[in-house]
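> model this:
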Amino acid sequence: MTERDDRPRILIVDDTKENIDLLMEVFRDEFRVSAATKPERALKLAHAESPPDIILLDILMPEMDGYELCALLKKSEATRSIPVVFVTAVSEVMDSTRGFAAGAVDYITKPFHPPMVKARVKLHLDLKHKYELLESYAFVDALTEVGNRRRFDQMLESELNRAQRSGRPLSLIYLDVDHFKQFNDTYGHGAGDDCLRRLATTLSGMLQRSGDFIARYGGEEFMVLLPYTDEEQVWHLAEELSRVVDALAIPHVASGVADWVTLSMGVVTAGTDIHPSPRDLVEAADRALYAAKHAGRHRIERGFLG
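Sure thing, here's the model as predicted:
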């Protein structure tokens with residue numbers, strides 16, 4: 001079994017082999033280094049399953065200059081967040097505004113001083129890491145630490161598009177904590193927050209596949225998004241979620257449904273025969289959830305599209 005290599009990835013793009021060799025020598029001990037001498041190869045490596053963490057890009061290349069290649073990288077959703085640092089002769093920095101306009105974050109001039117090059121690259125990797133952390137926090141619900149509504153909206157659109165391309169079903173569970181206002185009124189908002197945290201942890205622990213996703217949709221409402229899940233499978237999972245929450249036995253004397261915290265759920269499946277919008281899917285699940293509440297709560301109802 002080989003050890004996992006967690007070193008940052010650097011892609012060097014230069015049409016001159018000598019320049020690539022010099023930069024590889026600088027970085028090979030602390031980084032995983034790959035190189036490309038042609039723009040087409042650089043784009044392929046940048047869009048690979050394991051993309052580079054930073055790209056060092058020469059400006060003067062015969063087929064496509066660095067400005068054009070940088071602009072292409074910044075236009076693509078998959079590569080726009082990769083920092084691009086131009087490596088160039090001092091005379092070419094006179095046109096630095098063009099490089100920054102194309103999306104580059106810095107310039108390194110030739111001939112370069114290796115410790116300075118390393119320091120600049122590490123600085124931009126650190127900034128990238130901090131930006132990614134901030135971006136991830138923007139998609140996490142602060143109370144429950146599952147996805148938030150903004151992240152759910154993104155995931156729903158993405159998964160719905162993927163389901164329609166693949167011809168595979170996509171299911172959604174819209175769930176609500178029964179009589180949660182009464183829970184807060186009886187036990188206090190601190191206990192209510194603890195209850196939501198326990199529920200989020202328990203529900204997310206029931207999702208076994210990497211593509212399954214749970215988000216806090218608002219208040220005491222959660223959404224569970226299930227790619228490649230048909231009507232029978234989503235119903236079975238909804239029943240399991242209801243049972244596992246019942247098993248927590250969180251006291252709720254003011255419920256009127258049970259002596260413990262319970263859930264109402266609406267489930268809906270987008271099959272292969274129709275192509276709903278994200279709004280269609282949510283509204284169908286919402287109608288099913290409303291039907292579950294209207295029928296007495298602590299139950300599951302199926303929603304229908306079209």
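> how far out from the middle of the chain is stretch 181-199?
29 Å (Cα atoms, centre = their mean, to the nearest Å).
> mind listing residues that contact it?
The contact list for stretch 181-199 (Cβ atoms under 8 Å, 6 or more residues apart in numbering) reads 143-145, 177, 180, 216, 220, 222, 245, 248, 250, 252-256, 261. Heads up, the C-betas are built off the backbone N, CA and C, glycines and all.
> quick one, which of those are buried?
Thr144, Val177, Phe180, Arg216, Glu220, Phe222, Val245, Ile250, His252, Ser255, Val261 (16 or more other Cβ atoms under 10 Å).
> and the residues you listed as JSON lines, adding distance to Gly271 and pLDDT?
Converted to JSON lines, the buried ones among the contacts of stretch 181-199 look like this (distance: Cβ to Cβ, whole Å; pLDDT from 0 to 100):
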{"residue": "Thr144", "distance to Gly271": "30", "pLDDT": "96"}
{"residue": "Val177", "distance to Gly271": "29", "pLDDT": "98"}
{"residue": "Phe180", "distance to Gly271": "32", "pLDDT": "97"}
{"residue": "Arg216", "distance to Gly271": "27", "pLDDT": "97"}
{"residue": "Glu220", "distance to Gly271": "29", "pLDDT": "97"}
{"residue": "Phe222", "distance to Gly271": "23", "pLDDT": "98"}
{"residue": "Val245", "distance to Gly271": "28", "pLDDT": "98"}
{"residue": "Ile250", "distance to Gly271": "35", "pLDDT": "97"}
{"residue": "His252", "distance to Gly271": "36", "pLDDT": "98"}
{"residue": "Ser255", "distance to Gly271": "35", "pLDDT": "96"}
{"residue": "Val261", "distance to Gly271": "33", "pLDDT": "98"}
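> how does this protein divide into domains?
9-137, 149-302 (automatic domain parsing).
> ok so, going back, return the subset of the contacts of stretch 181-199 lying in helices.
Those of those mapping onto helices are Phe180, Val245, Leu248, per DSSP state H.
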